[in-house]
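Enquirer: I need the structure of the sequence given here:
(one chain, ligands or ions: 1)
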Amino acid sequence: MVEDSLSPASITDKLETRFIGQRVIYHPRVTSTNELAKQEAQRGAVGGTVVIADEQTAGRGRLKRVWLSPKGSLALSIILYPGVVYLPSLIMVASLSVAHSIEAVTGLKPQLRWPNDVLVNGRKVSGILIENNVQGSIVNYTIIGIGVNVNLKLSDFPGILPAATSLSDELGRDVSRLALIRCLLVEMEKLYLALPTGGSIYQEWRDSLITLGRRVHIKSGEVDCKGIAESVASDGSLLLRHPDGSLTKIVAGDVTLCD
Ligand code: BTN
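Expert: Reported below is the predicted structural model:
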């Protein structure tokens with residue numbers, strides 16, 4: 001096992017960012033880093049503050065699911081105070097920065113699955129949970145929670161979905177979590193600060209989605225249907241073409257590929 005400390009000093013040392021990751025709160029074990037980050041944000045934590053843990057005992061996934069993050073995985077939450085117009089782009093920023101940093105540190109070629117899963121060789125290696133506190137057009141805070149299966153032998157964790165993988169399972173060796181998180185923070189700040197310039201993040205995100213043009217099964221609240229994932233809109237929603245030719249805009253849900 002690669003021995004890598006996630007101490008604030010080792011993460012922030014000469015970190016080439018202006019604000020993301022310049023303040024790090026580390027705990028060996030927490031319920032959920034998103035929960036702690038929320039409390040920090042309510043106390044007025046500086047933007048870019050990172051809450052990170054070696055282990056979560058009550059990690060949360062999307063759609064009220066449980067996210068298992070035992071030792072060896074990466075669980076972190078980033079506190080941001082974006083303008084309301086940037087909220088739909090945050091999933092693009094987060095998923096692309098996870099994919100870029102995995103590729104830079106391991107050489108693996110990640111893919112994205114709508115809305116916010118990062119896959120390696122078709123299996124989920126990372127999940128992202130973004131929680132916003134918004135009043136009208138005021139964003140009180142946003143928490144970007146990221147979980148990555150880094151050094152885990154997934155066969156030891158039957159509770160983690162069978163369609164999951166870890167970086168170490170893919171590579172046959174361990175990966176430095178410290179290198180990964182430092183790279184991730186730099187990538188995230190680069191993409192986040194580029195949002196006001198109206199750059200090409202939407203196009204890159206759309207082009208990285210394995211979902212598009214494929215026949216998919218979508219489960220989203222009351223919706224449970226199959227169709228062709230035709231496109232994504234710049235607000236992050238998925239456009240699903242039904243067999244009868246009609247089109248539905250899906251804002252949240254789970255997608256599995258049918259073929
Ligand atoms: C998903 O794919 O369902 C999203 C999973 C998000 C998990 C991360 S781990 C760090 C942060 N803290 C949490 O409780 N959840 C997110």
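Enquirer: shaky segments in the protein?
Expert: Low-confidence segments of the chain, defined by pLDDT under 70: 1-3, 159, 161, 199.
Enquirer: up against the ligand, what does it have?
Expert: 32-34, 56, 59-62, 65, 67, 69, 75-77, 117, 127-129, 145-147 (C-beta under 6 Å from any ligand atom). Where you see a C-beta, it was placed from the backbone N, CA and C, and this is true even at glycine.
Enquirer: what subset of those residues is buried?
Expert: Among those, the ones that count as buried by 16 or more other C-beta atoms under 10 Å are 32-34, 56, 59-60, 62, 67, 69, 75-77, 117, 127-129, 145-147.
Enquirer: just those: which are in helices?
Expert: 33-34 (DSSP state H).
Enquirer: point to the residue nearest the middle of this protein.
Expert: Note on the chain: the residue nearest the mean C-alpha position is Ile128, at 2.8 Å, using C-alpha atoms, centre = their mean.
Enquirer: ok, now which ones touch it?
Expert: With contacts defined as C-beta atoms under 8 Å, 6 or more residues apart in numbering, Ile128 is in contact with 91, 94-95, 98, 116-118, 144-147.
Enquirer: now Leu119
Expert: Residues near Leu119 by C-beta under 8 Å, 6+ apart: 110-113, 125, 210.
Enquirer: sorry, back to before: any idea how many residues pack against the residue nearest to the residue nearest to the centre of the chain when sequence neighbours are not counted?
Expert: Setting aside the residues directly before and after it, Ile128 is nearest to Asn116 in space (C-beta to C-beta, 6 or more residues apart in numbering), at 4.3 Å. Asn116 has 21 neighbours, counted by other C-beta atoms under 10 Å.
Enquirer: so Asn116 touches Val93, yeah?
Expert: No. Under the criterion of C-beta atoms under 8 Å, Asn116 lies out of contact with Val93, with a separation of 10.8 Å.
Enquirer: who's in contact with the residue nearest to Val24 when sequence neighbours are not counted?
Expert: Leaving aside its sequence neighbours, Val24 sits nearest to Pro8 (C-beta to C-beta, 6+ apart; 3.8 Å). By C-beta under 8 Å, 6+ apart, the contact list for Pro8 reads 23-26.
Enquirer: next, Arg182: phi, psi?
Expert: In terms of degrees, to the nearest 10, the main-chain angles of Arg182 are phi -60, psi -40.
Enquirer: equivalent analysis for Gln203, please.
Expert: phi -60, psi -40.
Enquirer: check Ser168 too.
Expert: Backbone torsions for Ser168, taken as degrees, to the nearest 10, come to phi -70, psi -40.
Enquirer: how far away is it from the ligand?
Expert: Per C-beta to the nearest ligand atom, to the nearest Å, Ser168 is found 17 Å from the ligand.
Enquirer: so what's that residue up against?
Expert: 72, 150-153, 174-175.
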